[in-house]
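Participant: I would like to see how this sequence folds:
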Amino acid sequence: MSYKKSDQTDLSDRTDRKFQHRNHLSMESGRKPIVRLQFIALVLCLASWAGLSVAAGDDAAFRVHGRSCRVEIRIHPDAVTMPYMPFSIEMDFAALLRSGGVDGAFAPLSVLVTRVLDDGSEVLVPHALSEDFAWETRGMVSWVITQSDHLRYRVYFDSRINGPYPQPETIPLIGIGDNFRYNRPGGTDPLQAMEAGVPASADFDGDGLVDLVRPTSWSSTWGQPWFTIWFWRNIGTNAVPVYADFVPLYADGKPIDNHYGGCALYDWDRDGVLDLLTSDGVYRNTGAVGPMGAPVLTRLCDMPALSVKGEPYRFLIGILDHDGDGVSDAFYMFSRVHYDYEGPPPRNFIQGALWRKVNRAGPDETPVFDREEPVLRGGELWTEACVVTGFCDMDRDGDLDLIGNNQPLDRIPSIPQYVYWPNTAEKGGVPVYGKAMLIPSGTNMGSYTILEVDNAAYQGLFLQDGYRVRYRAFTGKELPGEIPGYEDRGFLMQHNARCAVQGFGGVEVADFEGDGDWDILSGDEFGLMWLIKNIGANSDPVFAPAEQVYASGEPIRVMRWHYIQDGNPEYYLGQTKPRYADWDADGDFDLLTGNNTNRLVWFENTGTRSAPEFTRSELVRVEDDALAFAWRCQPAVADWEGDGLTDLVTLDKEERLCLFLRYREDDQLRLHPGSPLLHESGTPLKTKNPEACDWDSDGDWDLIGQAGDFGKGGPAFYENAGSNADPIFKDAVRLHCMGKEITLSAHEHSFATVDWYGTGQLDLVCGAESGWFYFFRRPALEANLCEIFSEGTGISIGVVERVGRQS
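Facilitator: All right, here's what the predicted structure looks like:
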């Protein structure tokens, strides 16, 4: 649902516009521009500061921080058409440092942006750096032009020689497809990435602290590559690890591709430094670190191909000596989805297989893998309902057992549980694994990974709980509700993480408690409902840790198996997709959610608008039919007729997008059967996860919904060319950001429209499979701002000036 409210700051300074444009000063002879205005939809990180004011002509504060150079940027008045306009400029800082005569490599964390006031003094402007700066000196610097007369800025920067520079406490919301951040100063939140294999922990950058390396499926922000490997640097201690923001790992100038391939850390070339191995390649760790602290890698060789073919999921889960012969072999987990709907129980979600690449090299030699074999009892290939993800001496008899996960489809409640296969061989003999056994108290949220960790920071188990990583330390003690011998120590935590839920974020933006700030509501893959409360302001949002939403004293969880026992591979999932609206017309806001069934569920608010309290769920019915809707669809809610009742727009059981109007009968609110919404051609709309809003501000209800093929879909605008009484819709128009079509994930997106800054135009917030939330300001969706802010037309760029200390 769309809301509008104003949250603008009254800033009255005016800018001196007597600035001579010097286009030739932004060029090096024979080179590309070193400063170029450009907009890109994905700005990730990295630097924002607050609270610093610098007097006119005073460079002392910048000398203290070690900034040696600056460039001034002036924006032409006609280019800024509304408050809170996103702005990005591509800058080649290596070239700029050379132009300023400064030695040394560029330091991304040195970047500061200021706005110059009328009297020449400066105030710091929160900014963000694009992901490019993890490995390159050229990338995007972005900030928000909060007022139309804020037109004069300076970008300060320096070399690594003059560092180090502190990590930023906050990263601002720009509106070009970037993620919401928690932005609590000093705050930590669970580290998250959508799984694509098991995480690895070790000192990967050579600083003595245990880092984390983890493959992931989707990109962090729009426009970045999918299926890569990320590095989280430990900026805490080994006793209390805390991780910096991730850095995507590159080799030889390219991101390391990892399409459901897994990874491991292993000293391949025996030089005392851990290298990165994937299912397909070996990447040598050079011992150097990049500008954001990640190890510099180069591709050394291919990993030998497995002959096992035809399975979509093949993960390298480790290189280790599992049989005590002093030689490390490579282990690959295979899994496949098993769609047996009609057969007798057990009807299982997952089939798994574990294969070993045998290493014929000596104990201290570079591995040579020349044959492969299955690693299961009796040579059995596939395990039903179970997947092996690691090794651990679970029964503590001195040898390594297999550990993994069980995905039940016939148990109620259908809750995955960790399992192990005991090594039944005589001590020192060739491992022989028995039948899988459930690990006591080993239930989990739904992700399948469990593995043993033993290093300077962790001695115990890593478990993927949802898309987060939970650590259970080995204590040898029996504790109630815990895996025997292990104690739960909570999630791995990251400094200033992205606001997130556990995958398949079904997003809704709402003023949850009526306090004037926009909050984030979302469902997730595992059926939970989350509130991420804005404890800052709309102009500068700060978010509290994500908290579960409760009903009748228990966390809301809507699962497929609550309603259907059908053996579907997603039986144990929920995929909740909420809307927040006054469903029962009593003046407060209720929760209505789609999910992984063809039911819609609502939770009545029996509290107040400012203090919501929800009761247990009820099914939404059309007349008396609770099965009138499509599967796995987020509904749209709107007072379509203007009669004070909340109506419904969603797919019906024939997957036609329909308008379900509310009416009163015998003091009861009921739904009319759905009326299909039609294109101008007369064919029914079939867009998924619609959002109803007046996108073009012409007084009638339009729709934002998903359009496009699998893997290429994204948000689209469906304009109502008729009226609310007689709607007719134009064909989908895919939304673009900075001129580029938006696609955030393969299967589906969710959408919420909101006038975030109170400017009178709706912005767009998208949820996606990653579990993160993507913010698109309306100016970035409406026009190609690269053209609006072109050099000489929209902006003027000055020369590099030397300030601060000399290198």
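Participant: which other helices and strands contact the strand or helix carrying Glu372?
Facilitator: With elements taken from DSSP states H and E, the one containing Glu372 is strand 369-374. When contacts are defined as 3 or more Cβ pairs under 8 Å, 6 or more residues apart in numbering; DSSP states H and E, strand 369-374 packs onto strand 350-359. Backbone N, C-alpha and C define where each C-beta goes, glycine included.
Participant: residues making contact with the strand it packs on?
Facilitator: With Cβ atoms under 8 Å, 6 or more residues apart in numbering as the test, strand 350-359 has contacts from 304, 306, 308, 311, 322, 327-338, 367-376, 381-388, 402, 404-405, 407, 448.
Participant: same question, stretch 712-720
Facilitator: With Cβ under 8 Å, 6+ apart, stretch 712-720 has contacts from 685, 687, 690, 695-696, 700-708, 727-735, 741-744, 746, 748-749, 751, 764, 766.
Participant: just the buried ones from the residues you listed?
Facilitator: Neighbour-count burial within these applies to 685, 687, 690, 695, 700-708, 727, 729, 732, 735, 742-744, 748-749, 751, 764, 766; the criterion is 16 or more other Cβ atoms under 10 Å.
Participant: roughly how far apart are the closest residue to Gly607 other than its chain neighbours and Phe589?
Facilitator: Nearest residue to Gly607 in three dimensions, chain neighbours excluded: Glu613, at 3.3 Å (Cβ to Cβ, 6 or more residues apart in numbering). As judged by Cβ to Cβ, to the nearest Å, Glu613 and Phe589 stand 12 Å apart.
Participant: count of residues packed around Gly642?
Facilitator: 9 (other Cβ atoms under 10 Å).
Participant: give me the buried entries from the contacts of strand 350-359.
Facilitator: Buried, going by 16+ other Cβ under 10 Å: 306, 322, 327-335, 338, 367, 369, 372, 374-376, 383, 385-388, 402, 404-405, 407, 448, out of the contacts of strand 350-359.
Participant: OK, contacts around Pro484?
Facilitator: Counting by Cβ under 8 Å, 6+ apart, Pro484 touches Pro440, Ser441, Glu478.
Participant: same thing with Leu173?
Facilitator: Residues in contact with Leu173, defined by Cβ under 8 Å, 6+ apart, are Val144, Phe180, Arg181, Pro541, Phe775.
Participant: report the secondary structure state of it.
Facilitator: Of the three states, Leu173 takes coil according to DSSP: H, G, I helix; E, B strand; the rest coil.
Participant: for it, give me phi and psi.
Facilitator: Main-chain torsions, Leu173, degrees, to the nearest 10: phi -90, psi 120.
Participant: separation between it and Gln167?
Facilitator: 18 Å.
Participant: my guess is the residue nearest to Gly607 contacts Phe603. True?
Facilitator: No: between Glu613 and Phe603 there is no contact under Cβ atoms under 8 Å: 9.8 Å.
Participant: so what pLDDT did Ser26 get?
Facilitator: Note on Ser26: pLDDT of 27.
Participant: my read: Gly253 touches Asp132, true?
Facilitator: No: counting by Cβ under 8 Å, Gly253 stays clear of Asp132, with 11.4 Å between them.
Participant: between these two, which one's more packed in?
Facilitator: Neighbours per residue (other Cβ under 10 Å) separate Gly253 from Asp132, with Asp132 holding more: 18 against 8.
Participant: pretty sure the more buried one sits against Val141.
Facilitator: No: look at Asp132 against Val141 with Cβ under 8 Å: they stay out of range, at 10.5 Å.
Participant: what's the neighbour count on the closest residue to Ala626 other than its chain neighbours?
Facilitator: Sequence neighbours aside, Leu619 is the residue nearest to Ala626 in space, at 4.3 Å (criterion: Cβ to Cβ, 6+ apart). Taking other Cβ under 10 Å as the criterion, the count of residues near Leu619 is 13.
Participant: picking up where we left off before, between Glu613 and Phe589, which has more neighbouring residues?
Facilitator: A direct count of neighbours by other Cβ under 10 Å for Glu613 and Phe589 places Phe589 higher, at 22 against 15.
Participant: what residues are up against the more buried one?
Facilitator: Contacts for Phe589 were tallied using Cβ under 8 Å, 6+ apart; they are Ala510, Phe512, Tyr580, Ala581, Asp582, Asn605, Arg609, Pro612.
Participant: just the pLDDT at Lys309, thanks.
Facilitator: Note for Lys309: predicted pLDDT of 58.
Participant: just say helix, strand or coil for Asp78.
Facilitator: At Asp78, secondary structure determined by three-state DSSP is helix.
Participant: could you report the separation of it from Leu151?
Facilitator: 10 Å.
Participant: okay, the two: which has more neighbours?
Facilitator: Shown here are Asp78 and Leu151; by other Cβ under 10 Å, Leu151 has more neighbours (24 against 10).
Participant: for the stretch 101-250 of the chain, which spans come out with low pLDDT?
Facilitator: 195-196, 220-221 (pLDDT under 70).
Participant: quick one: the helices in it?
Facilitator: For the stretch 101-250 of the chain, no helices are identified by DSSP state H, counting those that start in this stretch.
Participant: where do the strands of it begin and end?
Facilitator: Shown for the stretch 101-250 of the chain, the strands assigned by DSSP state E, counting those that start in this stretch span residues 112-116, 122-124, 128-129, 138-145, 152-157, 176-179, 188-190, 200-202, 211-216, 228-232, 247-248, 250-251.
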